[in-house]
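>>> Quick one: sequence and predicted model below, then my questions.
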Amino acid sequence: MITRLVQISRPVLWVNTVGTTVIGMWLIGDLWRWDIVPLLLWATLPFNLLIYGVNDIFDQETDAQNTRKGGLEGALILSSETRSIVLAVVLANVPFVAYFLVTLPPAALAWIVAYTVIFIFYSAPPLRFKARRYLDSLSNAAYAFPLIFVPLAFGKSPVWAAAIGLMAWSVAKHTYDAVQDIDEDRAAGIHTTAVHLGARGATVWSGVWWALSTVGFALISWPVAAVNALIAGWLVVSLGRSPTPATARRLYRYSIVFPYVAGSVAGTQIVAAILLGAYP
């Protein structure tokens, strides 16, 4: 059962929660602090199970028609597993949330609550952001929230340029990755931003948001901004030359690697600056 829950939580995508939590700590000038452990553990299996477990429960019909599901890109769950997944999500997350309620300041809690609620209702009705054009994309800005609530949890101010840059980056990547699912989503009546704009329009939309993210990153780090611009530019140009779901599906493997590469550059630079006494 544990192995199954790990599969549902999509470990290949944990970088989006674990990575931002660690970067949030580094941005306040700490290489390590033991009081980050509860937030860091929550960002692994528990919170990713919440994101993707809830998603899989409410997407069973469309996932059954999607050839990408059933591997690293998402589990195919059975209706008989729904109750077990709900129970696992609750048991894995409630203890952490309860701990945060009694240990973290209100400002950090507010962002953590927003983080949790947005990802629940990304998939769950009645809001179900993923089926609402533009909201599906914009709601993914929540992936940047650890850059805000981690500093606030320790009484520090967030680096807003980094947080806003990552929000824009997340909006772009969500729509870019959704291009590959345009046909399946349209057939299922899911009106995503990618379905609404079409493959070419979604490529332009992603390019604009990635450009905005580059501006935000440039206010903090030119190397990170440069890497972001190069990778995002290549992805946008590659899809723009042949804007089809098939092309997007072929490029998805590179899109998955994108946060690992950009995050490694950002992390290496911050760690080096802290060690050399140049930051904060």
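Ah, there it is.

>>> Return the least confident helix or strand in the chain by mean pLDDT as CSV; C-alpha atoms alone will do.
Here the helix or strand of the chain ranked lowest by mean pLDDT, DSSP states H and E is helix 60-63, holding a mean of 76. Extracted in CSV, the C-alpha atoms of helix 60-63 (Å, rounded to 0.1, in the frame of the first residue of the first chain):
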residue,chain,number,x,y,z
GLN,A,60,-10.5,8.8,-13.1
GLU,A,61,-12.7,9.1,-16.2
THR,A,62,-10.3,11.2,-18.2
ASP,A,63,-7.1,9.4,-16.9
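
>>> Give me the contacts around that helix.
56, 69, 74, 76, 77, 79, 184, 185, 188, 190 (Cβ atoms under 8 Å, 6 or more residues apart in numbering). Bear in mind the C-beta positions are built from the backbone N, C-alpha and C, glycine included.

>>> Try it again at 10 Å.
Helix 60-63 is contacted by residues 55-56, 69-70, 74-79, 81-82, 131, 181, 184-185, 187-190 when judged by Cβ atoms under 10 Å, 6 or more residues apart in numbering.

>>> likewise stretch 189-197?
Residues contacting stretch 189-197 (Cβ under 10 Å, 6+ apart): 59, 62, 128-138, 171, 174-188, 201-206, 245, 248.

>>> Please list only the buried members of the residues you listed.
Neighbour counting by 16 or more other Cβ atoms under 10 Å classes 59, 62, 129-132, 134-138, 171, 174-182, 184-185, 188, 202-203, 205-206, 245, 248 among these as buried.

>>> if we can go back for a sec, report the distance from the least confident helix or strand of the chain to the chain centre.
Relative to the centre of its chain, helix 60-63 is centred 21 Å away, using Cα atoms, centre = their mean, to the nearest Å.

>>> from here on, count from 97
Noted, 97 is the first residue going forward, which turns the last one into helix 156-159.

>>> helix or strand right after it?
Following helix 156-159 in sequence order, the next helix or strand is helix 178-199 (DSSP states H and E).

>>> what comes into contact with that following helix?
With contacts defined as Cβ under 10 Å, 6+ apart, helix 178-199 is touched by 97-98, 100-101, 104-105, 131, 134-135, 137-150, 152-154, 156, 171, 173-174, 177, 204-205, 208-209, 212, 216, 245, 249.

>>> Run through the stretch 97-246 of the chain and note the low-pLDDT ranges.
Of all residues in the stretch 97-246 of the chain, those with pLDDT under 70 make up the ranges 159-170.
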